[in-house]
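# need the 3D shape of this:
(one chain, ligands or ions: 1)
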Amino acid sequence: MRMVVLAGGIGGARFLRGLKRAAPDADITVIGNTGDDIHLFGLKVCPDLDTVMYTLGGGIDEEQGWGRADETFTVKGELAAYGVGPEWFGLGDRDFATHIVRTQMLGAGYPLSAVTEALCDRWRPGVRLLPMSDDRVETHVAVEIGGERRAVHFQEYWVKLRASVDAHAVVPVGAEQAKPAPGVLEAIAEADVVLFPPSNPVVSIGTILAVPGIREAVAEAGVPVVGLSPIVGNAPVRGMADKVLAAVGVEATAAAVARHYGSGLLDGWLVDTVDADAIAEVEAAGIRCRSVPLLMTDVDAAAAMAREALALAEEVRG
Ligand SMILES: O=c1nc2n(C[C@H](O)[C@H](O)[C@H](O)CO)c3cc(O)ccc3cc-2c(=O)[nH]1
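Down below sits the predicted model:
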């Protein structure tokens, strides 16, 4: 069974760990969001690609959901001693090595997809991890601070500001000019099922779909497309998805996110048991809907969710 998963960071990575357990023989291609990427200290950092790679490769800081386990921050401290910022983004010593190797390979002319493949040679995530594009896309957020309208990099909004101010707009800068990375459209065309994990529907899956050609490829894949709600009980399970959903005029409910993706994309949608009352609304939008437990408390819970998503895919396959 060939599966394609559009994944962002922590939620997507944890779901993928469950999917691998639920379907150990599946051929899984992950199309990773690169809109969160940030250039720091002369290095290119790819948070969502690294979170998938580390989580599936066994190197993730489990409690944080991002960054490396057993991390130290000596380099970060030395940079601060030189007054070289920013200090608000926690790059650890082990993590720095990933960004040094990535930046070195990019500087030698390798595209991000080849770099990601090389990094995965070490981590062996057990999936094919493709960046959504080899071209630079950076999500910026329009905010108002002290009465002044500004655009800040997504990471500044997410990590430094902790999404404490309203987002007036979320813009994947460069998306219009970006091309799907090699293998992305082919993987979607050859897939038996496409899954939208409980990643952020705006800044993660939305950014991937903003790369010209990807949304169309998913819509025309002709195979079941099934998503899992990142919103449980009218609140994001983790992160601050409600803040960016508001920026695009989508209320933070399981049904609203399904309608945001639309029946043109989604064939099936899983909501949590607490949102069972949303089923009718989602089905009225032409999307088959079921309620199952959606809290990924451990790998077994994530595997159960993955099995439910695959079962729903078979149901809609008809
Ligand atoms: O809340 C934080 N998230 C941090 N993240 C998480 C990151 O902001 C999110 O994983 C994504 O961008 C959203 O999915 C990091 C991810 C990396 O790959 C590397 C470093 C960081 C550092 C931080 C951090 O200091 N604080």
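# does the ligand sit close to the helix or strand encompassing residue 144?
Per DSSP states H and E, residue 144 falls inside strand 138-145. No. Using C-beta under 6 Å from any ligand atom, strand 138-145 stays clear of the ligand, coming no nearer than 9.0 Å. (C-beta placed from N, C-alpha, C; glycine too.)
# could you say what helices and strands that strand packs with?
strand 148-153, helix 154-155, strand 167-173, helix 241-247 (3 or more C-beta pairs under 8 Å, 6 or more residues apart in numbering; DSSP states H and E).
# so which of those comes closest to residue 8?
Closest of those to residue 8 is helix 241-247, at 9.8 Å (criterion: C-beta to C-beta).
# tell me what the next helix or strand after the closest one is packed against?
Per DSSP H and E, the first helix or strand lying C-terminal to helix 241-247 is helix 254-261. The contact analysis (3+ C-beta pairs under 8 Å, 6+ apart) places helix 254-261 against strand 231-232, helix 241-247, strand 268-271, helix 279-284.
# mean pLDDT for the ones you listed: which is lowest?
Within the helices and strands packed on helix 254-261, the stretch with the lowest mean pLDDT is helix 241-247, showing a mean of 91.
# packing partners of that one?
Checked by 3+ C-beta pairs under 8 Å, 6+ apart, helix 241-247 has strand 138-145, strand 167-173, strand 231-232, helix 254-261 packed alongside it.
# is it up against the ligand anywhere?
No. Shown here: helix 241-247 not in contact with the ligand (C-beta under 6 Å from any ligand atom), separated by at least 10.1 Å.
# what's that helix in contact with?
141-142, 163, 166-170, 200-203, 230-231, 235-236, 251-252, 256-257, 260 (C-beta atoms under 8 Å, 6 or more residues apart in numbering).
# please repeat the previous calculation with a cut-off of 10 Å.
By C-beta atoms under 10 Å, 6 or more residues apart in numbering, the surrounding residues in contact with helix 241-247 are 8, 11, 139, 141-143, 154, 157-158, 161-171, 198-204, 206, 230-231, 234-236, 250-253, 256-257, 260.
# put the buried members of those residues into a PyMOL selection.
Only the buried entries of the contacts of helix 241-247 go into this PyMOL selection, using 16 or more other C-beta atoms under 10 Å:
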select buried, resi 8+11+139+141+142+143+154+157+158+161+163+165+167+170+171+198+199+200+201+202+203+204+206+230+231+236+250+252+253+256+257+260
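# list, one by one, the residues from the stretch 51-200 of the chain near the ligand.
51, 66, 67, 89, 90, 91, 95, 155, 158, 159.
# buried ones among the residues you listed?
For those, buried by 16+ other C-beta under 10 Å: 51, 66, 67, 89, 91, 95, 155, 158, 159.
# what are the ranges of the strands in this structure?
For the chain, the strands defined by DSSP state E cover 2-7, 27-32, 38-40, 43-45, 128-131, 138-145, 148-153, 167-173, 193-196, 225-228, 231-232, 235-236, 268-271, 288-291.
# weakest of these by average pLDDT?
Looking at those, the bottom one is strand 235-236 with a mean of 88.
# which strands or helices does that one pack on?
Applying 3 or more C-beta pairs under 10 Å, 6 or more residues apart in numbering; DSSP states H and E, we find strand 235-236 packed against helix 241-247.
# ok, and the closest non-adjacent residue to residue 165?
Closest residue to residue 165 apart from its sequence neighbours, by C-beta to C-beta, 6 or more residues apart in numbering: residue 143 at 4.8 Å.
# correct me if wrong: residue 267 contacts residue 285.
No. Look at residue 267 against residue 285 with C-beta atoms under 10 Å: they stay out of range, at 11.5 Å.
# in the protein, what spans have low per-residue confidence?
Along the chain, segments meeting pLDDT under 70 are nowhere present.
# still on that earlier bit, for the strands of the chain, which one sits closest to residue 312?
strand 268-271 (4.1 Å).
# could you say what helices and strands the closest one packs with?
strand 193-196, strand 225-228, helix 254-261, helix 279-284, strand 288-291, helix 299-317.
# switch to 8 Å and redo it
strand 225-228, helix 254-261, helix 279-284, strand 288-291, helix 299-317.
# go through the ones you listed and pick out the most buried.
strand 225-228 (a mean of 27; mean count of other C-beta atoms under 10 Å).
# show me what that strand is packed against.
strand 193-196, strand 268-271, helix 299-317.
# just want the residue of this structure that's nearest the ligand.
In the chain, the residue that lies nearest the ligand is residue 9 (2.6 Å; C-beta to the nearest ligand atom).
# what about that residue, how many neighbours?
26 (other C-beta atoms under 10 Å).
# got it, and residue 149?
10.
# now do residue 294
Residues near residue 294, counting by other C-beta under 10 Å: 26.
# so who does it touch?
Residue 294 neighbours (C-beta under 8 Å, 6+ apart): 198, 228, 229, 232, 237, 270, 271, 272, 273, 305.
# including distance to the ligand, could the helices and strands packed on strand 268-271 go into TSV?
Shown next, in TSV, are the helices and strands packed on strand 268-271 (distance: least, C-beta to the nearest ligand atom, whole Å):
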stretch	distance to the ligand
strand 225-228	16
helix 254-261	16
helix 279-284	25
strand 288-291	26
helix 299-317	17
